[in-house]
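S.K.: need a structure here:
(2 chains)
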Amino acid sequence: MTDSAEAATSSEAAAPSRRALIGWGGAGLALGAVAAGGAVAMARDGDSADDAAPAGAATGAAIAFHGDHQAGIATPVQDRLHFAAFDVKTEDRAEFVQMLKDWTAAARRMTAGQAVGEGAFGGLAEAPPDDTGEALGLKPSRLTLTIGFGPSLFEKYGEQFGIADARPEALVELPKFAGDNLDKNRSGGDLCIQACADDPQVAVHAIRNLARIGFGKVVIKWSQLGFGKTSSTTPDEQTPRNLMGFKDGTRNIAGTETDRLKKFVWVDGKEGPEWMAGGSYLVARRIRMHIETWDRTSLQEQEDIIGRDKGEGAPVGKAKERDEPFLKAMLPDAHVRLAHPHSNDGATILRRGYSFTDGTDGLGRLDAGLFFLAYQRDPRTGFIKIQRNLALDSLNEYIQHVGSALFAVPPGVRGKDDWWGSSLFGKEA
Amino acid sequence: MRARLSVTTAIATAAALAAVTGCTEKGSSAGGDRVVNVTATDDKCEVSKKEFPAGHVELAIENKGSKVTEVYVLFPDDRIVTERENIGPGTKQTVTAEVKAGDYTIACKPGMKGEGIRQAVKATGKGTAAKRDPRLDKAVAAYREYAQAQADETLPKAEAFAKAVKDGDVEAAKKAYAPSRIGWERTEPVAESFGDIDPKVDLREDGLKGGQKWTGWHRLEKSLWQDKKITAEDKTLADQLITDLKDWQNRVGKAEITPTSMANGAKELLDEVATGKVTGEEERYSHTDLVDFKANVEGAQQAYELLKPVAKENDAALVTELDKQFAGLNTLLDKYRADKSSYDFTSYDKVGEADRKDLSDGVNSLAEPLSKLAAAVVVK
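M.R.: Just a heads-up that it's a prediction; the model follows:
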């Protein structure tokens, strides 16, 4: 029992037992918080040996911010997401570049588990603190912050920012796909920041503080919270399940597969503008699930639609989750069959999607689904290729794409003096 | 013309001060070296001494002029330490106050108008308050003058509104409604600092606490726009609004205003916009939110402009940013009025979601750097 819990219970000694329970409840919460900070991997059931997270994960440690590639792509997927798309408000190149530098400095500190600027307390009493403070005392929680630039940045600000000629050919406008019902208020954006962490408060804190630094220069256009990663970049962990109850992303590219990352994820600089070398392209899609109708669907039909069984996650006709799928054994419109690289000339993407639940819509339906995040070296041969092939997907009866955005994700921040976007903006800045 | 504290109130205040301090003094009157004789005429304000020990000070005032006068003891930022008004020609009055060490001004106002004839005096002794940048004192004094002027200008407009309500003229009352609020909205943090006036005049229905009676502008707004009629009770409420606004007008001179409260008050005005106006909650029946919005921005800008010279020395980049953001938000607001000198703004129910987001973004862009103004003013 903690001291505070003891005090709480003893002060309630004469009160009815229910009041005493409230005191105990407090103790439970405190213990729960300790456990959550201690070991993320333990939260999942199944064989715990397989669940062992890579070194660092269990301690909520920091992920290196500097590197050839931005963290948050090949990094082992964290449990929580706060994704934000911004629109630019300034036409002043120097001001915009300064904001990118300020953002980088703040990101460098936050990913190391430190407060922004001069911190959340101890400063001038008359002024608001630099840091908002809700992440004080929390571990770095493997926070990664990843920035991307949208097509509209080049369209709207290409001239003012001197980047009109730097727009990559691969940074296309995504075509309209069959079944799309896109909400413009949840789509697009001149910039994006993906914040992933094992603690949702750490991820939210990061976006909140970056938004604050950005006021006057950029504004948040839309944002999305996510939980329960639906893809893993660590195949030694059990594949997580999506809200349909199925294992999702079994064949995802692992963070350790240097060759596949090189082949499918990282831009090498030969095929696109030099500033993108070491970068990648991010597709973000808000995919609403028709949860209630899905839940009324028979198990057989659910498994037929996906192309895997629900318990083990094995492909149709196979025994184990990681057994090589035999696509022809699946129905022609099964999701796994249509999405598989073999059905798409080998097209492969790195997925980092998260489940989302934004309460309930006005009709009493759960507003929930998959916030799909995919990284690839070229969206034309990656997501676009695959998504077109999914036009016939029988899963489409149960899902609807309601938000969409594409971003060019520049290479990593390479050291203390480097900053997000320096390869694009750095020449004269 | 300004109304002032009634004589009885002033005497009661002085008596209270005397009672509080009396136990440490010899008898009920101040010691001899703490008596300052003030001789007021129509063009002079003579004081018997310009330096006196801090503590319980007595002003012995004699009006030798031909006009009714009033005498003030003022802090360097023009906040009132004590005052006595309605001193008739040929009469004597005394006023006492507890005065800490520091610089003060004694002002006589023949005819009870204007800045008055001023004398600098000094209370000596221990415990001198930290010396403040005189430019900041000037800024506070100028802001107080602005706040007073806003209250003074509001009264006749509010009286016109109240009259229309009492005449039962719904259309005239609707027309007079938004203009009657502009001065209030410009200086709302000053009024809010009194604590009791704001809930009487500017409360919205959802802000009512248990048992609290709903009075003020928004109660009448609901009658005019939603109920579309004026009841007998509304007429009483119109009178009450004027009484409460007069109270506000009378108290502006004594409001606690500091450079920090000016700076943070400016930010609070933007907060008012961010939480109440951009959502359309403030004027949910009349949809005149943009008039309040503009007034809030103007009030914030006034405080900022007065603090700017000092802020610029400490944080030039902040001043550049604030100039830009004030200009940007004002330009954005101008889109919603045809004539830039009028307060005929677009009805807020006609402002679409995307435009409301633009306004919200503009407010955030200004309010975030504005939250740093206080630091730029207090930094040495």
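S.K.: where do the helices sit along the chain?
M.R.: Answering for chain A, as no chain was given. A:3-11, A:17-38, A:48-51, A:93-111, A:151-157, A:200-214, A:258-264, A:291-295, A:299-306, A:335-339, A:383-389, A:422-425 (DSSP state H).
S.K.: that's the wrong chain, I meant chain B
M.R.: B:7-22, B:134-166, B:170-186, B:188-192, B:198-201, B:217-221, B:232-251, B:259-272, B:289-314, B:316-334, B:353-370, B:373-378.
S.K.: contact partners of the fourth one?
M.R.: When you say that, I think you mean helix B:188-192. The contact list for helix B:188-192, computed with C-beta atoms under 8 Å, 6 or more residues apart in numbering or on different chains, reads B:147, B:184, B:197-198, B:202, B:248, B:252, B:255, B:257, B:261, B:264-266, B:268-269, B:272, B:296, B:299. Placement of C-beta: from N, CA and C, glycine included.
S.K.: Kindly report the same for the last one.
M.R.: Contacts made with helix B:373-378 from outside it, assessed by C-beta under 8 Å, 6+ apart, are listed as A:124, A:126-127, B:136, B:259-260, B:262-264, B:266-267, B:304, B:307, B:310-311, B:314-315, B:318-319, B:322.
S.K.: make it 7 Å
M.R.: Defining contact as C-beta atoms under 7 Å, 6 or more residues apart in numbering or on different chains, one finds that helix B:373-378 is touched by A:124, A:126-127, B:136, B:259-260, B:263-264, B:266-267, B:304, B:307, B:310-311, B:314-315, B:318.
S.K.: Neighbours of residue A:193, how many?
M.R.: Residue A:193 is flanked by 27 other residues according to other C-beta atoms under 10 Å in any protein chain shown.
S.K.: thought residue A:343 was touching residue A:337?
M.R.: Yes - between residue A:343 and residue A:337 there is a contact under C-beta atoms under 7 Å: 6.2 Å.
S.K.: Compare neighbour counts for the two and give me the winner.
M.R.: Counted by other C-beta under 10 Å, residue A:343 and residue A:337 do not tie: residue A:337 has more neighbours, with 24 against 15.
S.K.: Verify the stated contact: that one with residue A:326.
M.R.: No - with contacts counted by C-beta under 7 Å, residue A:337 stays clear of residue A:326, the gap being 9.7 Å.
S.K.: Can you tell me how far residue B:290 is from residue B:370?
M.R.: From residue B:290 across to residue B:370, the span is 20 Å (C-beta to C-beta, to the nearest Å).
S.K.: Show the contacting residues for the residue lying closest to residue A:376 once chain neighbours are set aside.
M.R.: Once flanking residues are discounted, residue A:376 sits nearest to residue A:382: 3.0 Å by C-beta to C-beta, 6 or more residues apart in numbering or on different chains. Neighbouring residues of residue A:382 by C-beta under 7 Å, 6+ apart: A:347, A:349, A:374, A:376.
S.K.: can you rerun that using 6 Å?
M.R.: A:347, A:349, A:376 (C-beta atoms under 6 Å, 6 or more residues apart in numbering or on different chains).
S.K.: who wins for neighbours among those?
M.R.: Counting by other C-beta under 10 Å, top hit in these: residue A:349 with 29 neighbours.
S.K.: Could you pull up phi and psi at that residue?
M.R.: Per-residue torsions, residue A:349: phi -130, psi 160 (degrees, to the nearest 10).
S.K.: Go ahead and confirm it touches residue A:372.
M.R.: No - applying C-beta atoms under 6 Å, one finds residue A:349 not in contact with residue A:372, separated by 9.9 Å.
S.K.: tell me which parts of chain A are close to chain B?
M.R.: A:124, A:126, A:127, A:128, A:215, A:216, A:219 (C-beta under 6 Å from any C-beta of the partner chain).
S.K.: Can you select the buried ones among these for me in PyMOL?
M.R.: Of the residues of chain A next to chain B, the buried ones go into a single PyMOL selection, burial set by 16 or more other C-beta atoms under 10 Å in any protein chain shown:
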select buried, chain A and resi 126+127+128+215+216+219
